[in-house]
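1. Provided below are the primary sequence and the corresponding predicted coordinates.
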Amino acid sequence: MAKGKPKKWITAQIVEPVALGKAGIKIVVWDKRGKTCRGTAIVSAEGIRWNGFKTKKWIRISWKELENSAEGRD
């Protein structure tokens with residue numbers, strides 16, 4: 001699990017059902033002015049993968065890890 005405090009939180013609501021395959025959905029995150037790419041998040045059936053801008057290593061969080069973290073079972 002990623003360490004430290006998150007700097008920003010976002011929420012998204014999808015009204016229509018979306019099928020998530022193994023490849024997932026790629027979301028590119030930009031700063032609030034739209035000038036600098038902050039990173040790429042991939043939401044898939046396996047969990048969430050995050051790659052920050054100019055980094056080589058992907059951070060992977062499974063849905064189970066995320067559920068345990070949300071319930072305080074770290």
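-> Cool, got the structure. Predicted model only: the values in this text are computed from it and were never measured. Numbers count the residues shown, from 1 in each chain.

2. Pairing partners for G47 in the sheet, please.
-> Taking DSSP bridges as the rule, G47 bridges to S62.

3. How many residues are close by it?
-> 15 (other Cβ atoms under 10 Å). The C-beta positions use only the backbone N, C-alpha and C, and glycine is treated the same way.

4. and it, what is it in contact with?
-> The contact partners of G47, taken as Cβ atoms under 8 Å, 6 or more residues apart in numbering, are 60-66.

5. Distance of it relative to D31?
-> 25 Å (Cβ to Cβ, to the nearest Å).

6. on that earlier part again, out of the contacts of G47, which end up buried?
-> E65 (16 or more other Cβ atoms under 10 Å).

7. Make JSON lines out of the contacts of G47 and add distance to T40 and pLDDT.
-> Formatted as JSON lines, the contacts of G47 follow (distance: Cβ to Cβ, whole Å; pLDDT from 0 to 100):
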{"residue": "R60", "distance to T40": "13", "pLDDT": "91"}
{"residue": "I61", "distance to T40": "14", "pLDDT": "89"}
{"residue": "S62", "distance to T40": "18", "pLDDT": "90"}
{"residue": "W63", "distance to T40": "19", "pLDDT": "87"}
{"residue": "K64", "distance to T40": "22", "pLDDT": "90"}
{"residue": "E65", "distance to T40": "19", "pLDDT": "88"}
{"residue": "L66", "distance to T40": "18", "pLDDT": "83"}
